[in-house]
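K.L.:
One predicted model, sequence on top.
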Amino acid sequence: MSAWVERLKGILLVIGIAAATLASVFYRGRATGRRVERQERADQINEQGAKARQEVRDVQQETASMGDDAIADELKRDWVRGAGKSRR
């Protein structure tokens, strides 16, 4: 009977160690995945910001070379809504 108890303790110990190992691997992988996702998102935000800053520079350079009348005409043409089909 004592041998059975010792054998059962050994089996339960192995099962417990295996379960703890699986849990630690799972949570480590999960944390790594979150870290990678955060880094990818940060890179995406930085890239989007760089594109926006480049667009601002392009517009500033374009408008710096234009006269005031040309800028006013472009704003009237591109920024004012037209009547459209559904308006009366």
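P.N.:
Thanks, I have the structure now. Computed from a predicted structure; not experimentally measured.

K.L.:
Tell me which residue is most central in the protein.
P.N.:
By Cα atoms, centre = their mean, the chain has its centre lying nearest to residue 41, at 2.4 Å.

K.L.:
okay, that residue: pLDDT?
P.N.:
pLDDT recorded at residue 41 is 96.

K.L.:
Could you say which helix or strand holds it?
P.N.:
Assigned by DSSP states H and E, residue 41 belongs to helix 2-64.

K.L.:
which helices and strands does that helix pack with?
P.N.:
Packing contacts for helix 2-64, counted by 3 or more Cβ pairs under 8 Å, 6 or more residues apart in numbering; DSSP states H and E, involve no helix or strand. C-beta: built from backbone N, CA, C; applies to glycine.

K.L.:
Could you identify the helix or strand that succeeds that helix?
P.N.:
helix 68-79.

K.L.:
contacts for that next one?
P.N.:
63, 66 (Cβ atoms under 8 Å, 6 or more residues apart in numbering).
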